[in-house]
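**Q** Have a look; sequence and predicted model below, questions after that.
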Amino acid sequence: MENKKEFRSWLDKMNLGHPLVIAGPCSAETEEQVLKIAHELKDSDVSAYRAGIWKPRTRPGMFEGVGAIGLNWLEKVKKETGLMIATEVANSVHVDLALKHDVDILWIGARSTVSPFIVQEIADALKGTDKIVLVKNPVNPDLALWLGGIERIYSSDINKIGVIHRGFSSYDKSKYRNNPEWQIAVELQNNFPDLPLICDPSHIAGRRDLIFDLSQSALDLNFDGLMIETHCDPDNAWSDAAQQVTPKRLIEIMKDLKIREKTSEVEAYIKKINNLRSQIDVADQNLLSTLGKRMEVAKEIGQLKSDNNVAILQNKRWNEILGKMILDGEEHGLSEEFILRVFKAIHQESINNQKKILNK
């Protein structure tokens, strides 16, 4: 897939001196609410004002957006504040209406990205537009599906393309509404460095008290921007009340965030980081060697089970291992979440190896 750099070039030309910030309410509720928030944000680091016009909800009967009338309110925001305006589109009708109201940034939501049919419909409706088009990651942690959505947009002769990382759903308990799975966004960034990457900490967090730390983590990973849901009265918002911050709090967050240099040419830094990276390389090789030895033992156990007609999965033994590893991990400064993810992956690989033996 050819990298197109128009959005990246556009960002560079803006010379913001800070990350691109897209902010505004989860949902446009009333004209008064939309304009009030916009005017409170107009003299801040915010470059684009977002508001959900059509709200895809998990279950029917919930507030699903004010509809096309909200686009008139966004046009007023643009006229009165000079901010760019942004909204989510989920079908060709949405695209047509958004373009007619001169919306500057259109994004494809996580629920839409999961469907190639929906993405293709939107791509066809956007064909040749000079608007900025952002693709959110799909609901589930599927990099190929995310890339597929991006490729469909590329194929429609759209040059100003970026992506939004909003986290991934999981059955596992977590303090986040959607697990960050930073490594997936980083892998996408490594493959397509010219594709601007924006973090949506609001949907990752699900709680306003986590917004700052997630935003800082994104900047530490060289993300290009942030999309933060902002409401003048968050507790009484018509949707996603718990994850929205006030305009005042958003301004505080942007002031307190540290923008990191991508690298340093200081000789002492280069010498030190090269030494530390060498240590990481050695540790990684030791990890691989240890994992390889563990898998060999797991295969021997698999053969023993096969010879004695014993089931592969032994829940009691597995729960004992997991509990012990969580406690031992804490002593090494490793979080329970990390231990669970690592050892579940190791356990699954052991099961896969034992299945091969059992199936012979």
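**A** Arrived safely. Numbering: from 1, shown residues only.
**Q** What is the neighbour count of residue 71?
**A** The number of residues packed around residue 71, counting by other CB atoms under 10 Å, is 22. C-beta coordinates here come from the backbone N, C-alpha and C atoms, glycine included.
**Q** Actually, residue 36.
**A** Close neighbours of residue 36, defined as other CB under 10 Å, add up to 16.
**Q** Quick one: residues contacting it.
**A** Listed by CB atoms under 8 Å, 6 or more residues apart in numbering, the contact partners of residue 36 are residue 232.
**Q** Please, which helix or strand holds it?
**A** Per DSSP states H and E, residue 36 falls inside helix 31-41.
**Q** got the buried residues for the one helix or strand in the chain whose mean pLDDT sits lowest?
**A** Comparing helices and strands within the chain by mean pLDDT, DSSP states H and E singles out helix 6-14 as the least confident, with a mean of 81. Buried residues in helix 6-14, defined by neighbour count with 16 or more other CB atoms under 10 Å: 7-8, 11.
**Q** go on, stretch 46-59?
**A** Of the residues in stretch 46-59, 46-55 count as buried by neighbour count, 16+ other CB under 10 Å.
**Q** Of these, which is the nearest to residue 94?
**A** In terms of CB to CB, no member of the buried residues of stretch 46-59 lies closer to residue 94 than residue 54, at 6.0 Å.
**Q** What spatial separation is found between the closest one and residue 289?
**A** 53 Å (CB to CB, to the nearest Å).
**Q** so what does the biggest helix by length in the chain touch, helix or strand wise?
**A** Taking residue count as the measure and DSSP state H as the definition, the longest helix of the chain comes out as helix 267-307. Packed against helix 267-307 by the contact rule (3 or more CB pairs under 8 Å, 6 or more residues apart in numbering; DSSP states H and E) you find helix 336-358.
**Q** Now do the helix it packs on and helix 267-307, the angle between them.
**A** Counting by axes from the mean of the first three to the mean of the last three CA atoms, to 10 degrees, helix 336-358 points 40 degrees away from the direction of helix 267-307.
**Q** So what's the gap between helix 336-358 and the chain middle?
**A** Mean-position distance between helix 336-358 and its chain equals 26 Å (CA atoms, centre = their mean, to the nearest Å).
**Q** Residues contacting it, please?
**A** Outside of helix 336-358, the residues within contact range by CB under 8 Å, 6+ apart are 172, 174, 291, 294-295, 298-299, 301-303, 305-306, 312-313, 318, 321-322, 325-326, 329-330.
**Q** Many thanks, have a good one.
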